[in-house]
Each structure stands twice: as C-alpha cells, then as structure tokens.
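Peer 1: Quick one, structure for this:
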Amino acid sequence: MVHTAYDSVELLTNLSTTIDAIESYNSNLLISCTDGSLKIYGPESSTSSVDQSPPSDRSSQPLKRDPYVLIRTVNGFSRRPMLAMEVLGSRELLLSVSESIAFHKLPNMETFAVITKAKGANVYSWDDRRGFLCFARQRRVCIYRHEGGRGFVEVKEFGVPDIVKSMSWCGENICIGIRREYMILNASNGALSEIFPSGRIAPPLVVSLPSGELLLGKDNIGVLVDQNGKLLQEGRICWSEAPAAVVIQKPYATALLPRHIEIRSLRVPYPLIQTVVFRDVCRIHHGNNAIIVSLKNSVYGLFPVPLGAQIVQLTASGNFEEALALCKLLPPEDSSLRASKEQSIHIRYAHYLFENGSYEEAMEHFVASQVEITYVLSLYPSIVIPKSSVVSEPDKFLDIGGEAYLSRDNSGISDEMEPSSNLLEYDESSALESKKMSHNTLMALVKFLQKKRINIIGKAAAEGTDEVISDAVGHAFVSYESSRPKRSTKGRVNIPLDSGAREMAAILDTALLQALLLTGQTTAALDLLKGLNYSDVKICEEILRNGNHYLCLLELYKSNSLHREALKLLHQLVEESKSDEPKIELTQKFKPEMIIEYLKPLCGVDPMIVLEFSMLVLESCPTQTIELFLSGNIPADLVNSYLKQHAPNMQATYLELMLSMNENGISGNLQNEMVQIYLSEVLDWYADLVAQNKWDEKTYTPTRKKLLSALEGISGYTPEVLLKRLPTTALFEERALLLGKMNQHELALSIYVHKLHVPELALSYCDRVYESGLNQQPAKASGNIYLTLLQIYLNPWRTTKNIEKRISNLVLTPTPKAGWSSAKGNKGRGLGKKIADIEGAAEDTRISPSGTDSGKSDGDDDAGDDEGISNVKLDAVLDVLIQRWDRVNGAQALKLLPKETKLQNLVPFLGPLLRKTSEAHRNLSVIRRLRESENLQTKDELYRQRKAVVKITADNMCSLCNKKIGTSVFAVYPNGNTIVHFLCFRDSQNMKATGKARERTKASFGARSRLKL
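Peer 2: Got it, this is the predicted structure:
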C-alpha cells in the first residue's frame, strides 16, 4: 500500500436478511433483500426521513460516516431476486432490474413504468444525458427512450451473436461483451464491429470512464479504448487478479477482486494506491461521495481521504508525481493554497532528484516551483555570485502556512506538510562537492538559468525604462519648481523603484556565464555578453582573465561601456600576437583591424577615445584608419590637429587619403595645411641639392609631384603665403601655378615661356583657364587668355623685363584671390579639381583692340624694334593659332601679328575659322527663315480665328440667365456655341473673383487661428 486513499467505515452490520442489491439516494441507503422487500436506511445522526427532505436539498446530502439505522421498509418491492438498482438523479427515478426492468418515483417508491419486454434482462446501461436505456436479454439488445411523463418508448431492437455478459453506452453506440469477445454495436443500424477477444478466465467486463472512454477487462488486465474501440496509447491497468467489478471515482479505479478490493490510480502508469481486505464481498457500488461495499449481511463505505492528507502521505513517502497530480484536483476556490502546495512539492521533488543524479529533471521542478534562482544557486557553492539584498532563505519555500490550512478536519482539504529535515541538509564532503560541479550538474544549471532568464531580464529592462522615464519627468518637475521654495527631487520624482529585478538579473547572468564557461560553451557565453546582460563586472572580469577567455572579457567591457579598458586589453593582445614569445596564452590571433572594428561604433559617442587608440594602428593600417575617421563623421580639423600633435609623420598621409576618398570632405584650412607640408618637404629637398650643387629644375621627386598636383587641383590654400616661401631662382613651375591662382596669368605664362621654356605647359595653362571660364558668365571672353599668350610670344622684351621685380611687388601687395582650377587630374594623383571663382579675373587680362598698342603690332614700336623682331617666336604663335583656332578671336589675333607674317602660313588657321563662320552664318539664316515662317503661320491662325461668325436669332438664349439675347450686347465663349449676355458674363466673372477672395480670406483666418492656438 502506497498511501491511504480511502477510509473504510462500517455502515450496517448483522442484517437479518441477505442483501441482493444496494443503492444510495442522498444520504440514505436503499437495500433490496432476498425476501423481496426494500429497506431504506439513514444515518443515525440524522432525524429526517426520505419523505421529509426537500427536493432542492437532496442532491447535496452525501453519505455519512455514521452508523445507519432502518428508516422505512417497502414490502413486496420485487417478486424475484433483485439483480441491480440505480438512482436516476436527474429524473428522480429508481431503476430496478428483477423480473423485468421497472422505474419507481423517488422518494415514495411509487411504480412509474415497467418495461414488460425486458423480462429476463440480465444487463443494462443508462445514458443519463439523452435519456436512453439499453438492455440485453438472451441474444437480443433493446433500446428505449424516456419520454418524460409518458414513460418509455421502444426505439430499436437488434440481434447479437451470443448472450451479452456486460454492456455500456459509448457515445452514440453501445459496447457489449459477449462470451468470448468485445464488440461495438451501432445503435442506428445494428452493425457490429469487433474490438478484441475477452479473457479466458473472467467474464467480459465493460466499464465507462468519465472521459467517455471505456475500460475493457481481459482477465487481470484492464484495456483502455476510445468510443470507436481503438486502443489508447496510455497503457493498461494490471490488476493483481481478475476483477469481478470496477468502480470509477476520479482519480482512482476501485476493483473488486476475489480476496480484497484493489485501488489504482487512473494516471499512467496506473500504480497501486491501496488495498482493502474484506471477506465475502458480494458487490461494490458507486455512491454519492463514497464507494459502497456490500457483503452478505453488512455494508461498508469507502470514503475518500481528503486530498490534502493524501498529498502529505505521498510527499512523505517520496511519491511526488502522484502528489502533484492530486494537487491539480484541489478545489478551484483554493487556487492560491494549491499553488503554494505545488511549489513546496516541486521543491522537495527537485531536491530528491538532484541528490539522486537526475539533475535536468530536478531543474525542471525548480522552474515549476518558481523558486528564486538564489535558492538553486545555493546548491552550487563554487559559483560566485554578487551580494544581493534579495537572496532568499530556503525555509521560505518550504514553510507553507499553519496547521489550520491542511487540517484533516478543515474543509476536507489536507494536513500541513512538516518540512523534512533530511531534504534540507546537504553533505558538504568533497565527493558531493565534486558531484555538484560536474558537467551534468552544470548543464542542468545552464538550462534552468536560461529558462528563468527571459522573465527576469524582461523585468530588469522594464525597471530600467521606468527609471529613465521617471528621471525625465523628474527633470521637468525640477525645472518647473526651481523658483518655488520647495525642495527639488534632483531629477527623480518620489516614485518608489525597487532594484530587485536588476539585482536578480545580475546574479543570474553572472552565474550563467560561469556555468557556460565551465561546460566549455564559450560561444554561448560570448553570445550572452553580446546581448543585453547584467553580469557583474568585477566577478566576471577575474574569472575571464584567469580562464584566458579574452574575447568574452572584451565583450564584458564593451557591454558595460568600459571602452578604455577594452581597448587597452585589445592592444595588449595584438602586441602579444605579434610577439614570438607571448607572455599570455592566446587561443587565437588578434589583429590590428580588430581595434578599428571596435572603434567604429564609438565615433559618434566618444571621438577622443577613437583618436587616442587609432594612433596605435594608424601606421600599420592607414587606409582602414582613415576610413574609420570618414565613416565615423569625426571632424577633420579635430583629426588633423590630433595627428599634428601626436603623429606628425602621418598628417600628410591622412590628408591625402581623405582627399582621395572624399573630395568635398576637406576644408580650405586642411588643404592649406597639406600644401604647406608638401612645400616644406620640397624646400628641404631643394636646400640639400643646392648645397650639393646638384639642383635641376626638371627634377621631380614624388613629394614635388604631389605639391604640383595639389597646387593645380585644389583651391583652398593661400597662394600669397606660399609664394613668399619660394626661392627666387628655382621652383618656377610652382611659382607659375601660384601666380595663376592669384589671377596673374601674364606672369604665369611668362614663366612657362621664358623661364621654363616649355610651350606645352603654357598652352595647357591657357586651356585650363579657358575651360574654367566656360563655367563662368558667358559674357566674359575667356578666349582672351590665348591672346595674352600670343602677346608674350610676340613681345618677349616686354614680358621678360623686370619679372622678378613685378613678382616681388605682387607679393608685398597681395591681390584678392579669384583662382582657377582645371577640370582634369594631373601627375596621376587623381586629386579632384576644384572650380574656383574667377569673376573679374578675365577683366584684368582681357585684350581689347584699344589695349594692344591702338591696333598696332609690337613690330611697329620704335624702341627696341630690332630686338623685338629678332626674338619674336612667330612659329609658336602660329602653332597656337592652328591648334586653338576655335578658341581665339580671329580678328584680334590678326591685329597682333607682325606685318611680315606670310598669309600662306595663316591658311591652317584661317581655313577652319572661315568654314566655321560660314556654317554659322548659314545656320543663322535658316533659323531666321524658320522663325519668319512660324510668324506667318501664327498670323494666319489669328486671321482664321477672327473670321468666326456667330448668328443671333430670336431663339438664342443666354446660358446664364436663360433669357433671350435679343439686341443686347453678348459674349461668346471659346467653344463658339455658348452665348451669354455681356452683363451676365461680367457678373459671373465678378462672382468668381469674389469667391476666390473669400476662400483666401478664410484660409488666412484659419491659419492665424491655428497659430494662436
């Protein structure tokens, strides 16, 4: 016997006659005796009789545990021995099976109906929901329906293969047990379907379960089937012997066996609960609230023990599963007490499983008990957790109320469970300690913490959100109340916020991280730290360092915004990875790029720490570092100043890469800074070569190429300042570019022609000026730059005279900057060409007819005539005219040429120029004629429209006032069909104008109203 589920109480003893059948009605016993009488017994403590009980209270009168006494005897109740009796409570009838089946009204036992056709019936089954009765006699099965006051009406009658030994309704059909087989009888058409053979020792036994399923007896085995006869997967009930009868009273099944009564649970695996020994038991019957056991001359009642007391017994004996199942059967009104009871059982069961090595199952019960995680972590002394004010005591979960709650005499619930001291005492020996820290125990802990984590982290996050909101509200409150004499709350309104959720989250995450690391789940630990977590930094930092889990340590720092510590550690790991003999054990190689990846999210949060630690990888990963600065939107001036102070050798590299990646992302100051750096390097190089007497103007180093490209391609620097730094006898190409930026084109071209002697550079200079002028106002003649070049070629004595003096004067008296820039790159550097504002620059160098010696060529001058003619570079002039004929003003160019120029040499220049002029003249003529033709077509259309005729007759009506037009002035709409009075037309136009004005007024008024609100 596992525990006591039923208490045996003697109700009647030493009856004078033998009992044939027995039934209970309310708190009374109905006993049919062998002498044909019906004896009614009631509890000795009750003075009321069956006839005196109000009908409304009868269903609430259970059997009592008191001795029963005779109340009434109905003689001649049956002629033959009674086979069975059943009270039909919903209809207040008593069904009796004797010579036939009869129905008697309760409580006076008046015969209501007799089914004469049921003579010889041996088994029956009543369907109380539908009011259907089925019974079997011989090899026939009959079905009757209760028609209320009219009695019973026959519905169907079917034949069966053999005599029916047992039967029961199963839904709409009937399950019957014949001599050797069980069958399902279709109540509509009488079709039979076989289930399985019955046993060889005991007769068939069909028992209906409350769930609608059936329990079919096969010797000592009870087989469960559904309403269609299909076997269920839950298993089978194995009795110790073949039962003669089975009574179902949830949650138990009680079977009458030859030597005793056996009680088993209806929950898989249907364990034995209790055995009750009786001698000479004739039958057992289901009463109101008890199982009635009938002997020959006595009656016993098996009253269920209160569920609470059963739970206590099961828990004490270690049968926790059965105890939990019984907890679910406690009354709904005691839901809170039931939850406390289940929690206590789950905790005890979890301890039992944990001590016996079933760690995962133990953790499942800890989860079900909703116990605090600190209680479970107390089983793992080696797991270090932060100190908390919410750590619970074990007794808190094991002490559930006082004795009044579980008293056996209090509401029939249960007795108080006394805490078992053996479940709270743990062996602290080293063997048990090692067991508790084994892999299996830690894996179970991991699963437990992961299940609890979702809820705890959610509460902690919600708590943090509430504090943020309250802080925001508190700041507003403080600002509003700052002028009042009340004390401010310093950013927080007086809202009580408990930090218990975050403390519990810190304990959970700290323990979970340790458990994951101890079980080798480094990836899972890393994922934990990457997400939202509340791990204790101090504890976890020490554990991770000791275990060489540096990736996890980095994520720990990162999740707690300890970026400086993380970057220091990462830099140390990178240096150790480079070392041939690292001081610390590394599980992987750390690269400088990892520092850059770490710094990316910090650009918008803390740019100074980004600059500080980017210096560590700027030399090894310059491109990636510059991309970091650009993608992070760190101000370029800030980066440049930091580099200038801490890494001046990388300043130029930074500016170069920044300009190549983002042409518009570098300011004028930074451009000037970059050019100054280039110029300083070039001047140092120039000084070294001059000291060695190896200087050559045509020598180009990479830095000088960068300088030339920067001077040509960018416009953010100050050319006057740079020009002062250049030597007077060298670096002429740089000087020319600077003079060009200062809009001194004549001086710049003079340097190209007379100092560098490179006509190609001079022509390229003119091209850049011309192309930049195309983007300016078209009224300004950008082609005059070529005339300036021609003038320099034709007047060498004038342009070479006092060049240095003019440049010096220019430096001392700087002119307003109005630079130019080319549209192409140079020297292969790929630098972007900035378009500068050259407004007004062309005016200074424009060559007009009056500005060129009054139309005379330089060859006509008296002074220096011979020198001028001899040094004139007429071939270069002709080359310019031939190559750029489409950009030069031909008339002005011809005026500049000397008289000795041969016309034959000008054919390559004049030929295409005249062809272009003629083509332009033809095109203009065609355009003029097309416009004249278009004008004529327009006039023709106007005349045609003016020829439209409107005929006014006496029938013409005004489309607005619907009156005749008559001889009044009228107006015609453009469609030519709508005719109105002129006055009507004018009034309609005025109305439209007034309506639009009103709409505008309403709109403005509405806008003003909204602004006021």
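
Peer 1: So G235 sits against P269, correct?
Peer 2: Yes: between G235 and P269 a contact is recorded at 5.9 Å, counting by C-beta atoms under 8 Å. (Glycine included, C-beta is placed from N, CA and C.)

Peer 1: Name the SS class of the closest residue to V888 other than its chain neighbours, please.
Peer 2: Of all residues not flanking V888 in the chain, Y786 sits nearest, at 4.8 Å (C-beta to C-beta, 6 or more residues apart in numbering). The three-state label given to Y786 by DSSP: H, G, I helix; E, B strand; the rest coil is helix.

Peer 1: can you count the residues close to Y786?
Peer 2: The burial count assigned to Y786 is 25, neighbours taken as other C-beta atoms under 10 Å.

Peer 1: Same check on K895?
Peer 2: Here the neighbour count serves as a burial measure; for K895 (other C-beta under 10 Å) it reads 17.

Peer 1: Please settle this for me: is it part of a helix?
Peer 2: Yes: the assignment for K895 (three-state DSSP) places it in a helix.

Peer 1: got a list of what the residue nearest to V888 touches?
Peer 2: Taking C-beta atoms under 8 Å, 6 or more residues apart in numbering as the definition of contact, the neighbours of Y786 are C766, Y770, V880, R884, R887, V888, A893.

Peer 1: and L761, what element?
Peer 2: Counting by DSSP states H and E, the element that carries L761 is helix 759-774.

Peer 1: Please identify the buried residues of that helix?
Peer 2: Neighbour-count burial for helix 759-774, counted by 16 or more other C-beta atoms under 10 Å, picks out 759, 761-773.

Peer 1: How far away from the center of its chain is that helix?
Peer 2: Its chain's average C-alpha position is 60 Å from that of helix 759-774, according to C-alpha atoms, centre = their mean, to the nearest Å.

Peer 1: Which per-residue confidence value corresponds to the nearest residue to L747 once chain neighbours are set aside?
Peer 2: If you skip the residues right next to it in sequence, L747 has L739 as its closest partner in space, 4.8 Å away by C-beta to C-beta, 6+ apart. Turning to L739, the model gives it a pLDDT of 81.

Peer 1: picking up where we left off before, kindly format the C-alpha coordinates of the helix holding L761 as CSV.
Peer 2: Taking Å, rounded to 0.1, in the frame of the first residue of the first chain, the C-alpha atoms of helix 759-774 are listed here in CSV:
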residue,chain,number,x,y,z
PRO,A,759,55.4,75.9,-74.6
GLU,A,760,53.3,72.9,-73.9
LEU,A,761,52.8,73.9,-70.3
ALA,A,762,51.9,77.4,-71.4
LEU,A,763,49.3,76.1,-73.8
SER,A,764,47.9,73.7,-71.2
TYR,A,765,47.7,76.6,-68.7
CYS,A,766,45.6,78.5,-71.3
ASP,A,767,43.4,75.6,-71.8
ARG,A,768,42.7,75.3,-68.1
VAL,A,769,41.8,79.0,-67.8
TYR,A,770,39.6,78.8,-70.9
GLU,A,771,37.8,75.7,-69.7
SER,A,772,37.2,77.2,-66.3
GLY,A,773,35.9,80.3,-67.9
LEU,A,774,33.3,78.3,-69.7
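
Peer 1: Quick check: mean pLDDT of it?
Peer 2: Rounded mean pLDDT across helix 759-774 is 80.

Peer 1: do the same with stretch 11-23
Peer 2: In the prediction, stretch 11-23 has an average pLDDT of 89.

Peer 1: Could you list the residues in contact with that stretch?
Peer 2: Outside stretch 11-23, the residues within contact range by C-beta under 8 Å, 6+ apart are 29-35, 37, 41, 63, 67-68, 81-87, 94, 96, 282-283, 285, 292, 294-301.

Peer 1: Restricted to buried residues, select these in ChimeraX.
Peer 2: Provided next is the ChimeraX selection string for whichever of the contacts of stretch 11-23 are buried by 16+ other C-beta under 10 Å:
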select :29,30,31,32,33,41,63,68,82,83,84,85,86,87,94,96,282,283,285,292,294,295,298,299,300,301
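
Peer 1: Now intersect the contacts of stretch 11-23 with the strands, please.
Peer 2: For the contacts of stretch 11-23, membership in strands holds for 29-33, 41, 68, 84-87, 94, 96, 282-283, 285, 292, 294-295, 299-301, with DSSP state E as the criterion.

Peer 1: What's the local residue count around the nearest residue to L106 once chain neighbours are set aside?
Peer 2: Nearest in space to L106, with sequence neighbours left out and distances taken as C-beta to C-beta, 6+ apart, is E92 at 4.8 Å. The criterion is other C-beta under 10 Å. On that basis, E92 has 15 neighbouring residues.

Peer 1: One more: L657?
Peer 2: By the other C-beta under 10 Å criterion, the neighbourhood of L657 contains 18 residues.

Peer 1: And it, how far from G716?
Peer 2: Using C-beta to C-beta, to the nearest Å, one obtains 17 Å as the distance from L657 to G716.

Peer 1: now S918
Peer 2: S918 sits 46 Å away from G716, going by C-beta to C-beta.

Peer 1: Also L518?
Peer 2: Computed with C-beta to C-beta, the distance linking L518 and G716 is 61 Å.

Peer 1: Same question for D955.
Peer 2: Relative to G716, and taking C-beta to C-beta, D955 is found at 82 Å.

Peer 1: Look up the pLDDT of V141 for me, please.
Peer 2: Reading off the confidence values, V141 has pLDDT 94.

Peer 1: right, I mislabeled it, should have said G301
Peer 2: We note a pLDDT of 92 for G301 in this prediction.

Peer 1: and it, what is it in contact with?
Peer 2: G301 is in contact with S8, V9, L11, L63, R65, G287, A290, I291, I292, V293, counting by C-beta under 8 Å, 6+ apart.

Peer 1: distance of it from P43?
Peer 2: 11 Å.

Peer 1: who touches both of those two?
Peer 2: Overlap between the contact sets of G301 and P43, as judged by C-beta under 8 Å, 6+ apart, is given by L63.

Peer 1: Tell me which stretches of the stretch 201-350 of the chain form strands.
Peer 2: Remark: strands of the stretch 201-350 of the chain, listed N- to C-terminal, are 206-208, 214-218, 221-225, 231-238, 245-249, 252-256, 261-265, 272-276, 281-286, 291-295, 299-304; assignment by DSSP state E, counting those that start in this stretch.

Peer 1: Rounded mean pLDDT for stretch 26-46, please.
Peer 2: Stretch 26-46 carries an average pLDDT of 89.

Peer 1: again with stretch 517-530
Peer 2: 91.

Peer 1: Pull the number of nearby residues for T275.
Peer 2: 15.

Peer 1: who's in contact with it?
Peer 2: Counting by C-beta under 8 Å, 6+ apart, T275 has contacts M1, H260, I261, E262, I263.

Peer 1: Quick check: pLDDT value at it.
Peer 2: Confidence for T275, expressed as pLDDT, is 91.

Peer 1: so how far is L553 from the most centrally placed residue in the chain?
Peer 2: Closest residue to the average C-alpha location of the chain: G531 at 12.7 Å, with C-alpha atoms, centre = their mean. The gap separating G531 from L553 is 16 Å, by C-beta to C-beta.
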